[in-house]
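Task: produce atomic coordinates for the following.
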Amino acid sequence: MTPAAGAAHRTGAGGDAVVAVHDLVKRYGADEVIRGVSFDVRRGELFGLLGTNGAGKTTTVEILQGLRRATGGIVQVLGLDPGAQGDRLRQRVGAQLQGAALPDRLRVGEALRLFASLHPRPRPIAELVDEWDLGRLLRRPFAGLSGGERQRLFVALALVARPEVVFLDELTQNLDPVARRRTWEVVRRVRDAGTTVVLVTHDVEEAEQVCDRLVVLHRGRVVADGTPRSIVESLGGAATVRFTDGELDVRTLRNLPGVRTVQRHGPEVHVTGSGPVLAHVGAHLVAAGRPPCDLRIERPSLEDRFVALTEEN
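I've put the predicted structure just below:
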């Protein structure tokens, strides 16, 4: 979805938005790092803020939590102004932030009990320990944790208070591939349990695999807004069917439903199109008595579109 289309979409989203951002601006002196950003997050979504380093993602979520003040624009989270009502808001949201730290000698179990004591109805510590695989770390001091272990602890602490919205900033940074995918699954369960999740990431695969909807930020502006699939499709991504047949008359493929172009590259044939183009090409080749062994389809990915967006803008 283009930014303009995204604005129209947001207007129709109505009252189920728990985060609403309109024309957000943030300046540091003459340096404008957030330049008219608008988006919303609906209740129960797993929403992504995707962008390269320096795109303005962390600054945006810090404004949403009342940790920084906006220079201009309108921001509401759970119906509250984070800049003016930050204390009330922080009772209802959780956050795992880049650069967070605890005292070096504080043990994991002590941290969990301390944070739980600050809230009237905390999550059972045993549940959080199980969800985030902290059992063997309970007696370990913060200084003795790896980067990935610290990440898991901070997310557990962010969820102690049963927040309505939780902000997760570069959640899987420093995690190995197995831990990364396990973390994605737990985050989905957090969403499924009713908590709205705002995930800040520069990892395109993570955004594509995990997020229900997202915005792409680049140089302080929204350059795309929608589901991962709609962002790919709205930017003109066509699928390409490839197979090898050095003798086929490729002109017979041009009138098939959904086909846009047909090209031959030596013995290999490339057919671009939309919709169920693979099925139409495959059926045609079978009917012609020429079923290829290597028939396959390649679709543009969110990473392809992300690279294009950040290079063009």
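
where are the low-confidence patches of this structure?
1-15, 235-237, 312-313 (pLDDT under 70).

switch the cut-off to 80
Along the chain, the model assigns pLDDT under 80 to residues 1-15, 97-100, 174, 232-238, 300-301, 303-305, 307-313.

Tell me which stretches of it form helices.
In the chain, the helices defined using DSSP state H lie at 3-13, 57-64, 86-90, 108-117, 125-131, 147-159, 177-192, 204-210, 228-234, 277-287, 302-312.

was I right about residue 174 contacting residue 145?
No. Residue 174 is beyond contact range of residue 145, at 10.8 Å (criterion: Cβ atoms under 8 Å). For the C-beta atoms, the positions are set from N, CA and C on the backbone; glycine is no exception.

then stretch 20-33 to CSV, C-alphas only?
C-alpha atoms of stretch 20-33 as CSV (Å, rounded to 0.1, in the frame of the first residue of the first chain):
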residue,chain,number,x,y,z
ALA,A,20,-2.8,6.8,16.3
VAL,A,21,-0.1,8.9,14.8
HIS,A,22,-0.8,11.9,12.6
ASP,A,23,1.9,14.1,11.0
LEU,A,24,4.5,13.3,13.7
VAL,A,25,7.6,15.5,13.5
LYS,A,26,10.7,15.3,15.6
ARG,A,27,13.6,17.8,15.3
TYR,A,28,16.9,18.1,17.1
GLY,A,29,17.9,21.6,16.3
ALA,A,30,17.8,22.0,12.5
ASP,A,31,18.0,18.2,12.0
GLU,A,32,14.5,16.8,11.3
VAL,A,33,14.6,13.0,12.0
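
The helices of the chain: which one's closest to residue 38?
When the helices of the chain are compared by Cβ to Cβ, helix 3-13 sits nearest residue 38, at 6.4 Å.

that older thread, so which of the helices of the chain is the most surrounded?
Of all the helices of the chain, helix 57-64 has the most neighbours on average by mean count of other Cβ atoms under 10 Å, namely a mean of 23.

in stretch 163-181, what counts as buried?
For stretch 163-181, the neighbour count (16 or more other Cβ atoms under 10 Å) marks 163-172, 175, 179-180 as buried.

Looking at the residues you listed, point me to the pair that's furthest apart.
164 and 179 (26.9 Å).

before we move on, the earlier item: now, which of the buried residues of stretch 163-181 sits nearest residue 296?
The nearest member of these to residue 296, counting by Cβ to Cβ, is residue 180 at 27.4 Å.

How about the contacts made by that closest one?
Applying Cβ atoms under 8 Å, 6 or more residues apart in numbering, we find residue 180 in contact with 172, 206.

Against residue 307, how distant is it?
According to Cβ to Cβ, to the nearest Å, residue 180 stands 21 Å off from residue 307.

Equivalent analysis for residue 277, please.
24 Å.

Could you do residue 267 as well?
Distance from residue 267 to residue 307, by Cβ to Cβ: 30 Å.

Ok, residue 94 next?
32 Å.

With that, I have no additional questions.
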